[in-house]
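S.K.: sequence? don't have it. structure:
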C-alpha cells in the first residue's frame, strides 16, 4: 500500500477513510431531510401543491411559511390530475399558476393570508352553530371561517391555517 517503515500509518489512513465513507449516508440523509420541509396544498385536485422552503414563527403572531412553485410541483399536477407527462404541460402550469411566495398567520388573532392573497379568520367548529348544520350549509366536521372580512362563514379547508398555527383547528 504505502512504502513507509511505520506500519501504523496505513492502518490509521484506512480507519479514517472507513469512518468518512461510513458517515456519508448519514450526512447525506440529514441534509436531504433539512431541505425537504414538505408541501402545502393550494387546491383539492391531485398534485396541487407548493414546496415549503422555510418556516418561521410557527404558532406565534408572526407565523410565516415561504413557498416555491417548482417544476416538480407542476409535474405532479400534470401527471396526477391532467394525466399529461409532457414538459409542455409543466411549462404551461408554471406560467399560468401564480402564487405568493409565502403564507402568513397571526395565531393569536386566528387570522391568516393564503398563497392567493386572500385573508381568513378562524371562528371555531361548525358545531358552535347548529342551525347552519341543520340548514345543510356545514357538517359537524367543518370549521367556521370568514374570507376577506365577509359576514357569512365558509367551509374552507384549514390546511394553511393548521400549518401556520398547529393545534388550534383540531
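M.R.: Cool, the structure landed. All of these numbers come straight from a predicted model, not from anything done at the bench.

S.K.: can you map out the strands along the chain?
M.R.: Counting by DSSP state E, the chain has strands at residues 39-41, 49-56, 63-68, 102-106, 111-113, 119-125, 143-147.

S.K.: let's have the ones you listed in TSV, adding distance to residue 94 and mean neighbour count.
M.R.: C-beta coordinates here come from the backbone N, C-alpha and C atoms, glycine included. Below are those laid out as TSV (distance: least, C-beta to C-beta, whole Å; neighbours: other C-beta atoms under 10 Å):
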stretch	distance to residue 94	mean neighbour count
strand 39-41	16	17
strand 49-56	12	16
strand 63-68	11	19
strand 102-106	18	21
strand 111-113	22	20
strand 119-125	26	16
strand 143-147	26	19
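
S.K.: per-residue pLDDT, residue 60?
M.R.: Residue 60 is assigned 97 on the pLDDT scale.

S.K.: contacts only, for it.
M.R.: 107-108 (C-beta atoms under 8 Å, 6 or more residues apart in numbering).

S.K.: quick one: it from residue 38, how far?
M.R.: Going from residue 60 to residue 38 by C-beta to C-beta, to the nearest Å gives 19 Å.

S.K.: do residue 145 as well
M.R.: 22 Å.

S.K.: try residue 132
M.R.: 32 Å.

S.K.: more neighbours: the two, which one.
M.R.: Taking neighbours as other C-beta atoms under 10 Å, residue 132 and residue 38 compare with residue 132 leading, 18 against 11.

S.K.: and the closest residue in space to that one that isn't next to it in sequence, how many neighbours?
M.R.: Excluding the flanking residues, the one nearest residue 132 by C-beta to C-beta, 6 or more residues apart in numbering is residue 138, at 4.8 Å. Residues near residue 138, counting by other C-beta under 10 Å, number 21.
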